[in-house]
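Peer 1: generate coordinates for the sequence data below:
(one chain, ligands or ions: 1)
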Amino acid sequence: MAKTEYDQIAGEYKESKLLGFRQHIEAHTLFELMGNLNGKKVLDLACGEGIYTRKIKRAGADKAVGVDLSTEMIRLAEGEEKRNPLGCTYYVSDVARLGPLDEFDIVVGSYLLNYSTTKEELADFARAIYNNLKPGGHFIGFNNNPADFTHSDSRYRSYGFTKHCPNGHKDGDPIVYTFYNEDGSVFQLENYFLKPELHKDVFEACGFSSFHWKKALLSRDGKTSFPETYWDEFLTYQPVCGLVAIK
Ligand SMILES: C[S@@+](CC[C@H](N)C(=O)[O-])C[C@H]1O[C@@H](n2cnc3c(N)ncnc32)[C@H](O)[C@@H]1O
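Peer 2: Residues are numbered from 1 along each chain as shown. All right, here's what the predicted structure looks like:
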């Protein structure tokens with residue numbers, strides 16, 4: 001499978017945001033890690049169609065800027081901004097080649113780092129993040145958990161997806177996610193494996209003072225609106241997780 005073409009799956013990807021884990025774990029963890037956004041300047045890298053850029057602005061950010069490689073994703077984000085103006089701005093760019101846009105308080109990367117296939121590509125992402133943060137600023141990420149070595153194709157099926165690592169877990173190996181949306185549509189996307197320790201080394205070599213993986217968290221609403229043991233496999237094996245790096 002070639003690198004995921006988001007221009008072609010933009011609609012299905014947007015639909016996948018209705019799956020329970022997106023709201024109750026993914027968004028919840030991301031916003032818990034970001035903390036109070038009042039008056040903050042936030043850059044959302046690999047913003048897709050802007051779901052979190054808009055949420056960040058609505059949560060009180062002074063400035064919310066989204067950047068994505070896919071022109072179709074940015075077209076959807078700008079369309080939504082036109083229909084319901086919030087003051088978010090968007091750019092099409094490869095994050096690896098992104099120069100400084102501003103000195104942001106927070107840079108977000110929800111499923112960004114798992115697109116690097118080599119140490120060099122990860123270093124390009126880290127540099128772009130560093131160059132867009134003010135001193136002491138935080139990079140908050142959420143993505144594939146590189147410490148999840150699950151070999152069970154079906155472990156996460158009840159949450160609306162499966163995760164398959166056809167070549168194993170060497171740096172650069174693909175991780176294939178298949179999503180089963182509630183509207184019946186099914187689509188695949190590919191992430192890439194790089195060792196957890198490599199991320200820390202690369203970010204610290206770039207100048208970050210710290211880099212930490214963070215456990216995925218379940219919202220209170222997610223806990224109460226699903227059967228008691230529903231999230232057990234997810235929270236035990238953690239297919240996805242958060243991360244925080246400080247400049
Ligand atoms: C799984 S989507 C995540 C979108 C959004 N952050 C979210 O959490 O819903 C991954 C996004 O990363 C973008 N992407 C992948 N590689 C990129 C790169 N090198 N530079 C900018 N965006 C990239 C894709 O176009 C896609 O929109």
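
Peer 1: where in the chain is pLDDT low?
Peer 2: Applying pLDDT under 70 to the chain flags residues 1-4, 151-153.

Peer 1: just the helices in it please.
Peer 2: Under the criterion DSSP state H, the chain contains helices at 6-16, 20-21, 28-34, 51-58, 71-83, 119-131, 196-206, 220-224, 232-237.

Peer 1: got the residues of this protein near the ligand?
Peer 2: Neighbours of the ligand within the chain, by Cβ under 6 Å from any ligand atom: 6, 46-48, 51-52, 68-70, 73, 94-96, 110-111, 115. Where C-beta positions appear, they are placed from N, C-alpha and C, glycine not excepted.

Peer 1: who wins for neighbours among the residues you listed?
Peer 2: Across those, the neighbour count under other Cβ atoms under 10 Å reaches its highest value at Cys47, namely 28 neighbours.

Peer 1: OK, contacts around Leu217?
Peer 2: Leu217 is in contact with 25, 28-29, 32, 242, counting by Cβ atoms under 8 Å, 6 or more residues apart in numbering.

Peer 1: from the residues of the chain next to the ligand, which two are the most distant?
Peer 2: Ile51 and Ala96 (22.3 Å; Cβ to Cβ).

Peer 1: returning to what we had before: whichever of the contacts of Leu217 end up buried, select them in ChimeraX.
Peer 2: Listed next is the ChimeraX selection for buried residues among the contacts of Leu217, using 16 or more other Cβ atoms under 10 Å:
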select :25,28,29,242
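
Peer 1: let's have the contacts of Leu217 in TSV, adding distance to Ser154.
Peer 2: Formatted as TSV, these follow (distance: Cβ to Cβ, whole Å):
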residue	distance to Ser154
Ile25	19
His28	24
Thr29	24
Glu32	29
Gly242	25
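
Peer 1: for the residue most central in space within the chain, give the beta-bridge partners.
Peer 2: The structure's the chain has its C-alpha centroid closest to Ser110; by Cα atoms, centre = their mean the separation is 1.6 Å. For Ser110, the beta-bridge partners are Phe142 (DSSP bridges).

Peer 1: return the residues in contact with it.
Peer 2: Here Ser110 is in contact with 26, 30, 44, 46-48, 52, 141-143 (Cβ under 8 Å, 6+ apart).

Peer 1: quick one: Val176 and Gln188 touch, right?
Peer 2: Yes: proximity of Val176 to Gln188 meets the contact threshold set by Cβ atoms under 8 Å, at 5.9 Å.

Peer 1: can you count the residues close to the nearest residue to Gly207 once chain neighbours are set aside?
Peer 2: Excluding its sequence neighbours, the residue lying closest to Gly207 (Cβ to Cβ, 6 or more residues apart in numbering) is Tyr130, at 5.6 Å. The number of residues packed near Tyr130 is 18, by other Cβ under 10 Å.

Peer 1: before we move on, what about Pro100?
Peer 2: Neighbours around Pro100, by other Cβ under 10 Å: 12.

Peer 1: give me every residue that touches it.
Peer 2: Per Cβ under 8 Å, 6+ apart, neighbours of Pro100: 131-132.

Peer 1: for it, grab phi and psi.
Peer 2: Dihedral angles of Pro100 (phi, psi; degrees, to the nearest 10) stand at phi -70, psi 130.

Peer 1: tell me which residue in this protein sits closest to the ligand.
Peer 2: Gly48 (2.7 Å; Cβ to the nearest ligand atom).

Peer 1: with distance to Tyr180 added, can I get the helices of the chain in TSV?
Peer 2: As requested, the helices of the chain are arranged in TSV below (distance: least, Cβ to Cβ, whole Å):
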stretch	distance to Tyr180
helix 6-16	9
helix 20-21	12
helix 28-34	21
helix 51-58	19
helix 71-83	21
helix 119-131	29
helix 196-206	28
helix 220-224	19
helix 232-237	15
